[in-house]
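Chemist: what follows is a predicted protein model with its sequence.
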Amino acid sequence: MNVHPISTAEFESFVRRFEDPLLRDVVEYERWKGELGLLRTFWAGKETRLAFLGLEEGQNLQGVLRVLKVPFSERKRWGGKGGERGEIQDIFLHPFDAEGLKALLVGAERVLSHNGLLDFGISEWKEPYWEILERLGFSPYARSVLIAWDTEREIPKAGNPDVEIRFASLEMKRVLRRIQQSSWGFFIPPDFERQDVLLAFLDGQPVGSAYLNRSTHHIDFGVHVRREFQRRRVGTAILREALRLCRERGAQRMFVTRVLRAITKINESDRIALRFYLDCGGEILREYRGFRRKKRPRPMKIPPLSKF
């Protein structure tokens, strides 16, 4: 088996056979993922691609992946050093083969070492690869769900007809803070240059919010509703308006990401959030699991998303 750098065209041509809805255009995919860096999740941050690698046997390309450099936001938890770490993503093998995966990862680690990156993670959403990664000594450390809506379809649930959605202004940060702190206990300020900040009013009160990214069509940090106004279809009204805006702008999909708070158990807040998005017509596009090498890897019993 021979692992070596390949071109963007070679990577794109190989991946095309898998008909992945996000990876039809690699340049656009990397732009989209770069814009998702606002989220600072383990699989979406400000990334620099170091290489596309290909696995060849004979003269046939049998596998590919992307090797990246990303900010090391997990440094304290991992006990690592430096402000950057390595990241391996978008692994595709045909045919799927454990030895092929191992060879690709060895090649990727060589690239990272050459760039001075000894700490690295692997973000993988394809279930057959998870078990092999654990067998190769990598342990899950994070879990996240990417949900998408087809903009040609309507959300199957009606929003509260008494909810009015307006665009928030810079002067409304205090209002947004109150909503988010009630919803999930802390506040992430919006980026008005990149996001349309939707504010939901009910009975004249601001009760819910969402940050719709104009570039990625992603609802950054999710939909939030003050606790005392939850279960009154305020969130559904926000989702419907966000989807309308995405459709109006020519987007094929609208997205939201949920980073799960626990790996080995079902957190009630995660269960409620996932159930809300799926009941409103969202479909799970990718379940990301983040892996890293540990000195003493141990098997983990991770509940499937169906348990949520």
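Modeler: Yep, that arrived.
Chemist: just confirm R275 contacts F308, I think it does.
Modeler: Yes - R275 lies in contact with F308 (Cβ atoms under 8 Å); the separation is 6.9 Å. Yep, even glycine has a C-beta here, placed from its N, CA and C like the rest.
Chemist: which of these two has more residues huddled nearby?
Modeler: For R275 and F308, the more surrounded residue by other Cβ atoms under 10 Å is F308, and the numbers stand at 18 against 11.
Chemist: contacting residues for the more buried one?
Modeler: Taking Cβ atoms under 8 Å, 6 or more residues apart in numbering, we find F308 in contact with 266, 270-271, 274-275.
Chemist: again, only using 10 Å
Modeler: 145, 258, 260, 266-268, 270-275, 278 (Cβ atoms under 10 Å, 6 or more residues apart in numbering).
Chemist: R249 too?
Modeler: Taking Cβ under 10 Å, 6+ apart, we find R249 in contact with 151, 196, 212, 214, 217.
Chemist: before we move on, what about T236?
Modeler: Contact analysis of T236 by Cβ under 10 Å, 6+ apart lists 155-160, 163, 208, 223, 225, 276, 279-281.
Chemist: type out the PyMOL command that picks the buried ones from the contacts of F308.
Modeler: In PyMOL syntax, the buried subset of the contacts of F308 is picked out as below (16 or more other Cβ atoms under 10 Å):
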select buried, resi 145+258+260+270+273+274
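Chemist: just give me the closest of the contacts of F308 to R232.
Modeler: I272 (14.6 Å; Cβ to Cβ).
Chemist: now that closest one: how far from D279?
Modeler: Distance of I272 to D279, computed by Cβ to Cβ, to the nearest Å: 10 Å.
Chemist: then D196?
Modeler: Counting by Cβ to Cβ, the gap from D196 to D279 is 24 Å.
Chemist: picking up where we left off before, strands - which of the contacts of T236 land there?
Modeler: 208, 223, 225 (DSSP state E).
Chemist: next one: phi and psi at V111?
Modeler: Main-chain torsions, V111, degrees, to the nearest 10: phi -60, psi -40.
Chemist: so what's G63 up against?
Modeler: Counting by Cβ under 10 Å, 6+ apart, G63 touches 1, 3, 14, 53-57, 91-97, 100-101, 103-104, 107.
Chemist: again, only using 6 Å
Modeler: Residues in contact with G63 (Cβ atoms under 6 Å, 6 or more residues apart in numbering) are 55, 93, 100, 104.
Chemist: in this protein, what helix or strand scores lowest on average pLDDT?
Modeler: helix 75-78 (a mean of 86; mean pLDDT, DSSP states H and E).
Chemist: what about it, distance to the chain center?
Modeler: Centroid displacement of helix 75-78 relative to its chain, using Cα atoms, centre = their mean, to the nearest Å, is 20 Å.
Chemist: show me the contact partners of the helix or strand hosting S13.
Modeler: Here S13, judged by DSSP states H and E, is contained in helix 8-16. If you take Cβ under 6 Å, 6+ apart as the criterion, helix 8-16 is touched by 23, 26, 52, 61, 64, 92.
Chemist: buried residues in it?
Modeler: The neighbour-count check on helix 8-16 (16+ other Cβ under 10 Å) flags 11-12, 14-15 as buried.
Chemist: which positions in the helix or strand following that helix come out as buried?
Modeler: Downstream of helix 8-16, the first helix or strand assigned by DSSP H and E is helix 26-35. For helix 26-35, the neighbour count (16+ other Cβ under 10 Å) marks 26, 29-30, 32-35 as buried.
Chemist: closest one of these to S7?
Modeler: Comparing the buried residues of helix 26-35 against S7 with Cβ to Cβ places V26 closest, at 10.3 Å.
Chemist: do you know how far the closest residue to the closest one other than its chain neighbours is from G34?
Modeler: Leaving aside its chain neighbours, V26 sits nearest to E12 (4.8 Å; criterion: Cβ to Cβ, 6 or more residues apart in numbering). Going from E12 to G34 by Cβ to Cβ gives 17 Å.
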